[in-house]
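Student: task: produce atomic coordinates for the following.
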Amino acid sequence: MGFPGVWMTESESMIYRVVPKCACSTIGQIMFYSDHGRFFDGDIHDSTGGLHKWSQDDSKQLIEKAVNRHQAISFTCVRNPYARILSSFFDKIAGIQRNGRRYRGNLVPQLVQRYGIDVGSPDNGFEFDQIASFRRFLLFARDTIRWRRPMEPDIHWSAMSGHIATFIANGGRYDRIFFTEAFNDGMAQVLGSASTPVPVDLAAVPRFNESEGHGPKRAHKVSAYFDDLSRHLIWEIYKDDFQLFRYDFDNPDNKMPLGEVDLDEVHAKLGR
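Tutor: Just a heads-up that it's a prediction; the model follows:
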C-alpha cells in the first residue's frame, strides 16, 4: 500500500500527508518554496518536479526511506467537518473546475438525475436553492461512503481520519496535526521543527485557493445547511473526525476546535 497522498520536500525536511479541502494547496506551495525560494507556477497538485509525491514513481523509495527513518517532521492538517463538506459541495459539485468543465465529467448530470440536485450554471449566475441541493448532495456523499454506490467515495468528501490513517497503517508517525482554522500557528510550529534550505515568512505567503472564483459563493451561515437529518448524516460519516480532532458537533457555526489533537489517541485509534 505504501504512503498514498504523501508529499515530501526534496531536501527531506518535511513529510506531509495531504488531506483534501484542508489548505493542501497552500501547504504544498510552502513546502516547494522552502526548498527553491519561489512558488510553483500553477496548481501545486499539477507539479511533477521540485516536490516528491507518492504518485511519482521516482519519489516512492525516497519517501518510504524518509518515513522509516523519521528524521523529517511528519505532519498533516485538518478542518471542521461541517465547513469541509460544504466546501467540497461548492467547489466540486456546484463549481466549474480549472479546466472549464464540471468535476469528473458526468458526475453532476448523474446527481441531477438520481438525486434531484440543482446547481445552476454560470449563465444564470449560479442561481439555485443552495440549502436543498446541498442536503441532497449529502445523501449522495453518505451513499458513496456507506455503500460505495453509485460510485466509490471521492477523496474530497471521504473522512479525514481515513486519509490520515493510511500513513499510520504503514509505519508512519505524525509529529504534528494542526488546524486549518489556526493555520499560521500550526504551520509555524511545523517550520520551526524543520531544517529548510530557504526560510519561509508565513505572513508573506498568499493563500493558494485553487477553487476560488469558479463557482457560487455560499449564501448562508453554516448552520442553515444542516437540519436534523443532515446532522444525523454528518455524524454517521464524520464521527471519528469530530471526536479525534476535537471539533464541535453541537454547534455547526463554531468552526474552531474545542481542544488540541491528542497524537497518541490518533495513532492508537487509526493504527488499528
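
Student: ok, now which ones touch A23?
Tutor: Applying C-beta atoms under 8 Å, 6 or more residues apart in numbering, we find A23 in contact with 77, 79, 180, 183, 207. All C-beta spots, glycine's among them, are computed from the backbone N, C-alpha and C.

Student: now do stretch 77-86: distance from first to last residue.
Tutor: 17 Å (C-alpha to C-alpha, to the nearest Å).

Student: same check on stretch 217-234?
Tutor: Termini of stretch 217-234 sit 22 Å apart (C-alpha to C-alpha).

Student: quick one on the thing from earlier: Serialize the contacts of A23 to CSV and add fields for distance to H70.
Tutor: Output for these, formatted as CSV (distance: C-beta to C-beta, whole Å):
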residue, distance to H70
C77, 19
R79, 26
T180, 25
F183, 25
R207, 30
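
Student: those residues in strands, which ones?
Tutor: If you go by DSSP state E, the contacts of A23 have C77 in strands.

Student: what's the closest of the contacts of A23 to M160?
Tutor: For the contacts of A23, the minimum distance to M160 (C-beta to C-beta) is 7.3 Å, reached by R79.

Student: any low-confidence regions in the chain?
Tutor: 210-214 (pLDDT under 70).

Student: D57: neighbour count?
Tutor: 7 (other C-beta atoms under 10 Å).

Student: quick check: the gap between it and R173.
Tutor: 25 Å (C-beta to C-beta, to the nearest Å).

Student: what does E236 give?
Tutor: 29 Å.

Student: now the strands for the stretch 51-200 of the chain?
Tutor: 51-53, 73-78, 176-179 (DSSP state E, counting those that start in this stretch).

Student: tell me the domain ranges of this structure?
Tutor: 6-80+156-204, 82-154+213-238 (automatic domain parsing).

Student: for N254, find the nearest of the ones you listed.
Tutor: domain 6-80+156-204 (8.2 Å).

Student: any idea how far apart the tips of the closest one sit?
Tutor: End to end - C-alpha to C-alpha - domain 6-80+156-204 spans 25 Å.

Student: just give me how far that domain sits from the chain centre.
Tutor: Averaging C-alpha positions (C-alpha atoms, centre = their mean, to the nearest Å) puts domain 6-80+156-204 12 Å from its chain's average.

Student: got it, and stretch 113-120?
Tutor: For stretch 113-120, the distance to the chain centre is 24 Å (C-alpha atoms, centre = their mean).

Student: buried ones in it?
Tutor: 115, 117, 119-120 (16 or more other C-beta atoms under 10 Å).

Student: widest-spaced pair of the residues you listed?
Tutor: It's Y115 and G120 that sit farthest apart of those, by C-beta to C-beta, at 15.5 Å.

Student: enumerate every residue touching the residue nearest to K255 when sequence neighbours are not counted.
Tutor: With sequence-adjacent residues excluded and distances taken as C-beta to C-beta, 6 or more residues apart in numbering, K255 is closest to N80, at 4.7 Å. Neighbouring residues of N80 by C-beta under 8 Å, 6+ apart: 180-181, 247-248, 255-257.

Student: identify, from those residues, the entry nearest to G100.
Tutor: T180 (27.5 Å).

Student: neighbours of that closest one, just the number please.
Tutor: What T180 shows, counting by other C-beta under 10 Å, is a neighbour count of 22.

Student: verify the stated contact: it with S87.
Tutor: No - the pair T180 / S87 is not scored as a contact, 9.9 Å apart, by C-beta atoms under 8 Å.

Student: can you list residues touching both of the two?
Tutor: R79.

Student: mind checking how far the closest residue to A203 other than its chain neighbours is from P153?
Tutor: In this structure, A203 finds its nearest non-sequential neighbour in N184, 7.6 Å apart by C-beta to C-beta, 6+ apart. Going from N184 to P153 by C-beta to C-beta gives 31 Å.

Student: who's in contact with the closest residue to S13 other than its chain neighbours?
Tutor: Among residues not flanking S13 along the chain, A194 sits closest, at 4.4 Å (C-beta to C-beta, 6+ apart). Applying C-beta under 8 Å, 6+ apart, we find A194 in contact with 13-14, 34, 72-73.

Student: out of these, which are inside helices?
Tutor: S34 (DSSP state H).

Student: lovely, talk soon.
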